[in-house]
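Q: I would like the atomic coordinates for the input below:
(one chain, ligands or ions: 1)
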Amino acid sequence: MNWPAWPPPLDDAQRKLVNDVLESGLWGATQGGDVVARLTAAFAARSGVPYGVAVGNATLGLFAALKGLGVRPGDEVVVPAYTFVASATSVLLAGAVPVIADVDPVHLHLSPEAVSAALSPRTAAIMPVHLAGSPAPMDELNALAARHGLAVVEDAAQAHGATYRDRPVGGLGDAGVYSFQASKAMTAGEGGLITCREESVHEAVWSVCNVGRGLCGAWYGHPNVGWNLRLTEIQAALLLPWLDRLDDEIDRRNAFCDALDLDGLPVERVPRPEGTTRDSRHLLMLRLDPSVDKARVLGSPVFDGGYPALGSMPALVEAGARVTDCPAAEEAARSVVWIRQNILMADPGRACEISENLNTVLAET
Ligand SMILES: *Cc1c(COP(=O)(O)O)cnc(C)c1O
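A: Next up is the predicted model:
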């Protein structure tokens, strides 16, 4: 089976812009080129907020967003138990304590009830993850955060172009963070971008990512402690033209998912939270019937085994993460498999190959 490669082939607009940047010699973000600035503005606009800061990757972006929102060493940040490890390690990078809370057993997004139960006097922020391209239940999570005075950092690393109640992700919390790492829906090999609504948050995040400079301050004046976390112009030149085709690619992945017929198979789609108006389909998550041996399904290269529960990772616990009881995440680790986005980019007419494949691996003895 020959599925589309990821990333998709370069298009002419990318070729031209990358070449222009290469020829200009303005490769870094501090040399006067404008591609990073245009990318940042375009992403902020698409997220429905005025500000953005481009960074080297989303792990650093989450770290910078937490710092910019005032999370301090020793503070606690609640993260979901079923996500990529960087949601928790970015908290550690800020010197704070990741508190691993369970996900909803049905849709697998951060559960507001589990967050409530995990709060302590040290809780400073929560980090909903827009898992697989489907938005987290932000109304409930934002309401909870408002009640307790907590900052909300959206981990939108997997959700470029997704909307919740018709509003784009990345503009629903105090800050949103996208990833452009090689496996994501838009990629420059590596990269990330932070979006935010408040001017003061933008100033603080920008400073964290720009060696502690002030936005309008002297070049060698460093009113804050910060780091060089910048994206290059070359990376931005791969990403800016991609925005023009992102929506088509999302439609394509949705068409493939819609064409997938799972009738009669011991598997169901993981449902999305209420309020999802556009799933960007980074992954399609499927839940296997308890009677099915997951290892057998993973014998097919079409299926990916997904995440272990974060609380089961000894390194996180040793580094100081606080783990709460997470039966739903553990169940997801046992029973959920993924179909990756490169496969979802195939012609929807090929969706039947997925069910045939599943039938084949289940029939093997
Ligand atoms: C990929 C990913 C990250 C980290 O992104 P990088 O750009 O690789 O640092 C964080 N959170 C989630 C949910 C991700 O999928």
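Q: From the opening residue of stretch 311-330 to its closing one, how far?
A: 9 Å (C-alpha to C-alpha, to the nearest Å).
Q: Determine if any part of it is in contact with the ligand.
A: No - Stretch 311-330 is not in contact with the ligand by C-beta under 6 Å from any ligand atom; minimum separation 13.6 Å. All C-beta spots, glycine's among them, are computed from the backbone N, C-alpha and C.
Q: Could you tell me the average pLDDT over that stretch, please?
A: Averaging pLDDT along stretch 311-330 gives 98.
Q: switch to numbering from 11
A: With 11 as the first residue, the last one maps to stretch 321-340.
Q: mind listing what's buried in it?
A: G321, S322, M323, L326, A331, R332, V333, C336, A338, A339, E340 (16 or more other C-beta atoms under 10 Å).
Q: In space, what's closest to the third one - neighbours in sequence excluded?
A: In this case it means M323. V95 (6.9 Å; C-beta to C-beta, 6 or more residues apart in numbering).
Q: Make sure that neighbour is actually in contact with L320.
A: Yes - with contact defined as C-beta atoms under 8 Å, V95 counts as touching L320 (6.7 Å).
Q: Show me whatever sits in contact with both of those two.
A: Taking C-beta atoms under 8 Å, 6 or more residues apart in numbering as the criterion, V95 and L320 both touch L326.
Q: ok, the two, which is more surrounded?
A: Using other C-beta atoms under 10 Å as the criterion, V95 and L320 rank with L320 on top: 26 against 16.
Q: how much space between that one and A124?
A: L320 sits at a distance of 13 Å from A124 (criterion: C-beta to C-beta, to the nearest Å).
Q: now R344
A: 18 Å.
Q: These two: which is more packed in?
A: Between R344 and A124, A124 has the larger neighbour count (other C-beta under 10 Å), namely 22 against 14.
Q: OK, contacts around that one?
A: So, once contact is read as C-beta under 8 Å, 6+ apart, A124 ends up touching A111, D112, V113, T334, C336.
Q: and the two most separated of those?
A: V113 and T334 (11.5 Å; C-beta to C-beta).
Q: Pull the number of nearby residues for G359.
A: With other C-beta under 10 Å as criterion, G359 counts 10.
Q: just checking, it touches L270?
A: No - applying C-beta under 8 Å as the test, G359 and L270 come out as separate, 11.4 Å apart.
Q: for A246, phi and psi?
A: Backbone geometry at A246, expressed as degrees, to the nearest 10, gives phi -60, psi -30.
Q: swap in the one 10 residues further on?
A: Taking degrees, to the nearest 10, you get phi -50, psi -50 for the backbone angles of L256.
Q: got a list of what it touches?
A: H170, G171, A195, M196.
Q: Looking at the residues you listed, which is nearest the ligand?
A: When those are compared for distance to the ligand (C-beta to the nearest ligand atom), A195 wins out at 10.3 Å.
Q: Where does pLDDT dip in the chain?
A: 375 (pLDDT under 70).
Q: Tell me how this protein divides into domains.
A: Per automatic domain parsing, the domain ranges recorded for the chain read 22-254, 256-373.
Q: distance between the first one and the chain's centre?
A: Spelled out, that is domain 22-254. 9 Å (C-alpha atoms, centre = their mean, to the nearest Å).
Q: Disregarding residues adjacent in the polypeptide, which is nearest to the spatially most central residue of the chain?
A: Closest to where the C-alpha atoms of the chain average out (C-alpha atoms, centre = their mean) is A167, at 1.9 Å. By the measure of C-beta to C-beta, 6+ apart, the closest residue to A167 outside its immediate chain neighbours is S189, 3.7 Å from it.
Q: Phi, psi for that neighbour please.
A: According to degrees, to the nearest 10, S189 has phi -120, psi 140.
Q: what about it, distance to the ligand?
A: Look at S189 and the ligand: by C-beta to the nearest ligand atom, to the nearest Å, they are 3 Å apart.
Q: give me the beta-bridge partners of that residue?
A: Beta bridges link S189 to G202, judged by DSSP bridges.
Q: Against Q245, how distant is it?
A: Counting by C-beta to C-beta - S189 and Q245 are separated by 12 Å.
Q: Next, show the common contact partners of these two.
A: G201.
Q: Convert stretch 306-318 to PDB, retaining C-alpha atoms only.
A: What follows is stretch 306-318 as a C-alpha-only set of coordinates in PDB (Å, rounded to 0.1, in the frame of the first residue of the first chain):
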ATOM      1  CA  ARG A 306      -2.600  -7.600  16.400                       C
ATOM      2  CA  VAL A 307      -4.000  -4.400  14.900                       C
ATOM      3  CA  LEU A 308      -0.600  -2.700  15.200                       C
ATOM      4  CA  GLY A 309       0.700  -5.500  12.900                       C
ATOM      5  CA  SER A 310      -0.700  -3.300  10.100                       C
ATOM      6  CA  PRO A 311       1.400  -0.200   9.300                       C
ATOM      7  CA  VAL A 312      -1.800   1.800   8.700                       C
ATOM      8  CA  PHE A 313      -2.400   2.000  12.500                       C
ATOM      9  CA  ASP A 314      -0.400   3.800  15.000                       C
ATOM     10  CA  GLY A 315      -0.400   2.800  18.700                       C
ATOM     11  CA  GLY A 316      -0.800   6.300  20.100                       C
ATOM     12  CA  TYR A 317       0.300   7.700  23.500                       C
ATOM     13  CA  PRO A 318       0.900   5.900  26.800                       C
END
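Q: Residue numbers of the stretch 11-160 of the chain in contact with the ligand?
A: So far as C-beta under 6 Å from any ligand atom goes, the stretch 11-160 of the chain lies against the ligand at N67, A68, T69, T93, F94, A96, S97, V139.
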